[in-house]
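K.L.:
Fold the following and give me the result.
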Amino acid sequence: MQFEKLLPFLEKCRKAKIHIAAETCGHVSEECIRNAADYIDMFLLDIKTLDKEKYRLYTGGDHDVYMRAVEALCKVAEGRIIARIPVIPGFNDTDICDILRFTADKDIKEVHLLPYHTLGMEKYTALGKEYELECKEALDAQTLEKYLPLGKELGITVRIGG
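P.N.:
Presented below is the predicted three-dimensional model:
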C-alpha cells in the first residue's frame with residue numbers, strides 16, 4: 001500500500017463530501033488504520049480464517065499483524081465495519097461459527113458470507129499457473145443459510161453474498 005499517497009487523496013475526498021468505502025485484507029499497520037479511519041466511512045474487512053497457521057500458509061501473511069490491525073480497526077471505526085468472509089470448502093467452511101462469534105466479540109454488526117466460486121480458475125489457466133485450491137466446484141449459496149440463526153442470536157446481520 002502506498003499510504004503516503006492515499007492520505008492526501010482521502011483528505012480531498014472528505015472535503016468534497018465523497019463517501020469512501022475501503023476494502024481491506026487487514027494486513028496493514030495499526031498506524032495506517034488510525035491515520036486513515038477519520039476519512040473512511042465504511043470498512044469492508046476480509047476475514048479468511050482465525051487459524052494462525054492456515055492464515056500464513058494460504059495468504060503468506062503474518063497473522064499477528066492482521067490481528068493487531070483488526071483490533072485497531074475495531075477501536076477507531078466502531079459501527080463502520082462490515083466483515084466479508086469468503087466461505088471456501090476445505091479451507092474455512094468448518095470455521096464459520098467461530099468467525100461469527102469473533103465478529104460479535106469485536107462488535108462488528110454486519111457480516112457477508114461470500115460463497116466460494118470458481119471464476120478465478122480460468123484466469124489461472126490463462127496465466128499458465130496451477131490452481132492450488134482443492135475445491136474445484138462453486139459453493140451453493142443456500143448451504144450458508146444455516147448460519148443465519150446464529151447471526152441473529154449473536155446480534156449480527158448476516159447476509160449471503162456481498
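K.L.:
Going along the chain, name the strands of the chain.
P.N.:
21-24, 42-46, 81-87, 110-115, 157-160 (DSSP state E).
K.L.:
Quick one: the ones you listed as CSV, columns for mean neighbour count and mean pLDDT too.
P.N.:
All C-beta spots, glycine's among them, are computed from the backbone N, C-alpha and C. Listed next are the strands of the chain as CSV, based on neighbours: other CB atoms under 10 Å; pLDDT from 0 to 100:
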stretch, mean neighbour count, mean pLDDT
strand 21-24, 15, 93
strand 42-46, 18, 97
strand 81-87, 21, 97
strand 110-115, 20, 97
strand 157-160, 17, 97
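K.L.:
Identify whichever of those strands lies nearest to Leu133.
P.N.:
strand 81-87 (10.9 Å; CB to CB).
K.L.:
thinking again about what came up before, can you tell me which of the strands of the chain comes nearest to Asn35?
P.N.:
Nearest to Asn35 among those is strand 21-24 (12.4 Å), distances taken as CB to CB.
K.L.:
picking that back up, now the strands of the chain as a markdown table including distance to Thr103?
P.N.:
Below are the strands of the chain laid out as a markdown table (distance: least, CB to CB, whole Å):
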| stretch | distance to Thr103 |
| --- | --- |
| strand 21-24 | 15 |
| strand 42-46 | 9 |
| strand 81-87 | 5 |
| strand 110-115 | 5 |
| strand 157-160 | 9 |
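K.L.:
out of those, which comes closest to Glu4?
P.N.:
strand 21-24 (16.1 Å).
K.L.:
Put the alpha carbons of that closest one into PDB.
P.N.:
Extracted in PDB, the C-alpha atoms of strand 21-24 (Å, rounded to 0.1, in the frame of the first residue of the first chain):
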ATOM      1  CA  ALA A  21     -15.600   2.700   1.500                       C
ATOM      2  CA  ALA A  22     -12.300   0.800   1.900                       C
ATOM      3  CA  GLU A  23     -11.900  -2.900   1.300                       C
ATOM      4  CA  THR A  24      -9.000  -4.300   3.300                       C
END
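K.L.:
and it, what does it pack onto?
P.N.:
Applying 3 or more CB pairs under 8 Å, 6 or more residues apart in numbering; DSSP states H and E, one finds that strand 21-24 makes contact with strand 42-46.
K.L.:
can we see that at 10 Å?
P.N.:
helix 30-36, strand 42-46, helix 63-76, strand 81-87 (3 or more CB pairs under 10 Å, 6 or more residues apart in numbering; DSSP states H and E).
K.L.:
Please list all residues in contact with Lys54.
P.N.:
Neighbour list for Lys54: 48, 63, 91-92, 95 [criterion: CB atoms under 10 Å, 6 or more residues apart in numbering].
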